[in-house]
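Student: I'd like to go over a predicted model; first the sequence, then the structure.
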Amino acid sequence: MKKATSIVLAIMAAAGAGSATAEELLVGVQIPLTGPLARVGMGTNEGIRVAAEVFNKTNGKHTIRLVTVDDESAPAKAVAAVEKLASEGVVAVTGGYGSNNISPASDAANKLGLAYITSGGVDDGLVESGRKNFFRINNTAGYQKALVGLISDLGVKSVSIIYSTKDATAGLATNVQKTLAPKGIKVAMHAFDPAITDFKPIINKVKLQDRSEFIAMVGYENDYVGILRAARVLKPQAKAIAGVWSLATPKMAADFPDLMPNVYGTAVLPFPVNFTTPEGKTFGEGYKKLHNKEPDYLGQFGYVQSMLLFEAIARAADKGTLQKNGVAEEMRKTDRQTLIGRVQFDANGDNRNFTQRMGQHQGKQVVLVWPKESANGKPVFPGVPW
Amino acid sequence: MTELILQAVYSGLLQGGSYALIALGLALVFGAMKVINLAHGELVLLAAYIAYTVETKMGWNPAMAIPIAVLVVTATSALLYFVVGRIKTNREINSLTLTYGVGVILTNIVLMIWSADVRATSSSWMQEAFVVGELYSMRSEVLFFGVSIVLIVALWWWLSRSWYGRAVRAVSSNRDAAKLMGINPGRTELVSFLVAGLLAAFAGVALFSYGTITPATGSVLTVKAFIITVLAGIGSIPGVLIGAVLLGIAESLTVTLASSALQELAGMGLFLLVLFVMPNGLFGATRRRG
């Protein structure tokens, strides 16, 4: 009996020692997997999963285990998701999509003392509210620089901005207008409700009243499809048309071949993707292996934000400051080249280095056309899909 | 300016036709059974995804999906009826909760099968411009506006001239009295659910042909259909068309004359105004009896 007890104790001790060396750290993923933001949430989540896979393979000391909660694209559910994750013992949270969901969720994380990182909220209010544990790798300014840069380089004299009334899109559209007006470019603004499906009355105003040389769309995929279809029917005399996120992607080229030719959109990488850095190659291979498809920009953002968080967690764990707000402190020390460029966080948790690039659908490819130093081709100008 | 307004009225008219097609099924079930089918938008969405599958997997024009969509959606609608039919007490309230739940289930089934990506037809024929003088639209919009009118006339004829249509109206008017007249209320209600499923199938294929769809679209469609049904007045089929066209034109003119950001507000404003002046809707029961 005594011998049996000793064996059991020895096994228990061995098991305890094993778990101590493996040091599994729980990281919360609060992300929309259902509801209106399901598509972008799923895309980001794919990158987060790749980051965990790559981190666990390359970091021998710590293992990240993801705990994922679907926030159903709703602010109240996003808060509940963060609280649930905290109750399960996560050390930080990655994810979030939509500024209106991220704002209350990151507030909850802040109150619970959890570091929160995202790439899904570009509303400037997120970094102006004094949340000490909040970090994001992209922002409106980066998209604004890219769109304004392209418009300036193309030398157009008038622009019609068609934008959704959501916080992030309205903010970006207003900032672009404020930047273009002092350059002597005539700007006409057209806000639209996110529920609208028929864009012909707006495009008709662009065609008959604005007569702009450039149409800028600030919305989401379904809006772009509606606007481009209306433009294809009404044929305004614009010389170019551009959008921001979710437009210059291979998926849009494949799904809407008639609507995409010559359309510009923000893009991190050209398509076909050609990763040149070791980290890029690791990400690309890991993504294809895990998801059996080519990586896209959402996956890339999800990967970068999560990898930076995992690295900060590992550093805090090494220093023994995980429970003393160490993750946020380590995040603030971040300074490294990533797949989206150099990332450093300012006092508000914003990545001020973030600058997007502009790509153009040319054939079945997405060619980077702005800025010149990142370009792998020249813009087709004038050029519209109709 | 005239050109802008004419185009706005034309676009609103076509948009109204598509709204009417979406609202017809809900109006029929609401009128016949006093059941607000909150899963109606998801039935329309199911048909739209069937059209997407037919287009992408078989390479056919989405309009060719109508027979398959009719089969699948009417079968789903029948299943829904059997679930709703089991409610014995407080049917109006309990069916709201139940159909809402069914809607959530259907949304998630759609999400699991077709993913959350934005889908729309890639058929060039459907997207090509249809030009009448200075008025522009997509071919698919004109095609399904015509389909919408035909279906509304057919439904109106069926309800007012056919035996089953009269039975539906009788059950709607007084279930017990209809029973005494030899009408089987259960079977009649099943028929109205099947017809609603058929209408939802057409509406879904139409939606895929001129719009964009995601799994979250269903609930938006239900709300729009409900607004039109109430605006029209319970049980009025021509009222659905007129209410839908009014809504479409009001929205379109708001975009042209004011701001597109006010479009939804204008629609809701019209809805509230009509209900304030005519609480039974444009063609509600009190008015018709009078």
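Tutor: That came in fine, so what should we check first?
Student: so which residue is dead centre in chain A?
Tutor: The residue lying closest to the centre of chain A (CA atoms, centre = their mean) is A:S119, at 3.9 Å.
Student: if I look at A:A80, how far off is A:G98?
Tutor: 16 Å (CB to CB, to the nearest Å). The C-beta positions use only the backbone N, C-alpha and C, and glycine is treated the same way.
Student: who has more neighbours, these two?
Tutor: A:G98 (26 against 18; other CB atoms under 10 Å in any protein chain shown).
Student: does the more buried one touch A:E72 like I think?
Tutor: No. If you go by CB atoms under 8 Å, A:G98 and A:E72 don't touch, sitting 11.4 Å apart.
Student: which residue comes closest to the residue nearest to the centre of chain A once chain neighbours are left out?
Tutor: Here the nearest residue to A:S119 in space, its sequence neighbours aside, is A:F301; by CB to CB, 6 or more residues apart in numbering or on different chains that works out to 3.7 Å.
Student: all helices of the stretch 51-200 of chain B, in order?
Tutor: B:66-84, B:91-114, B:124-127, B:139-161, B:163-173, B:175-180, B:185-210 (DSSP state H, counting those that start in this stretch).
Student: quick one, which of the ones you listed is packed in tightest?
Tutor: helix B:185-210 (a mean of 25; mean count of other CB atoms under 10 Å in any protein chain shown).
Student: which secondary structure elements does that helix contact?
Tutor: Under the contact criterion of 3 or more CB pairs under 8 Å, 6 or more residues apart in numbering or on different chains; DSSP states H and E, helix B:185-210 touches helix B:2-33, helix B:40-58, helix B:66-84, helix B:139-161, helix B:163-173, helix B:175-180.
Student: distance check, B:V110 against B:Y52.
Tutor: For B:V110 relative to B:Y52 (CB to CB), the value is 10 Å.
Student: and if you look at B:V104?
Tutor: Counting by CB to CB - B:V104 and B:Y52 are separated by 21 Å.
Student: returning to what we had before: how near is the residue nearest to the centre of chain A to A:D335?
Tutor: From A:S119 to A:D335 the distance is 18 Å (CB to CB).
Student: same thing with A:I137?
Tutor: In terms of CB to CB, A:I137 sits 13 Å off from A:D335.
Student: hey, what's in contact with both of the two?
Tutor: Contact criterion CB atoms under 8 Å, 6 or more residues apart in numbering or on different chains; residues shared by A:I137 and A:D335: A:V343.
Student: between those two, which one's more packed in?
Tutor: A:I137 (23 against 10).
Student: the more buried one contacts A:Q305, doesn't it?
Tutor: Yes. Using CB under 8 Å, A:I137 makes contact with A:Q305 at a distance of 5.1 Å.
Student: which neighbours do these two share?
Tutor: A:117-119.
Student: all helices in the stretch 151-300 of chain A, in order from the N-terminus.
Tutor: According to DSSP H, counting those that start in this stretch, the helices that the stretch 151-300 of chain A contains are A:167-180, A:200-205, A:221-234, A:250-255, A:278-291, A:297-319.
Student: for the stretch 1-150 of chain B, which residue gets nearest to chain A?
Tutor: B:A116 (3.5 Å; CB to the nearest CB).
Student: re the thing from before, the residue nearest to the centre of chain A contacts A:G299, correct?
Tutor: No. At 10.6 Å, A:S119 does not count as touching A:G299 under the criterion of CB under 8 Å.
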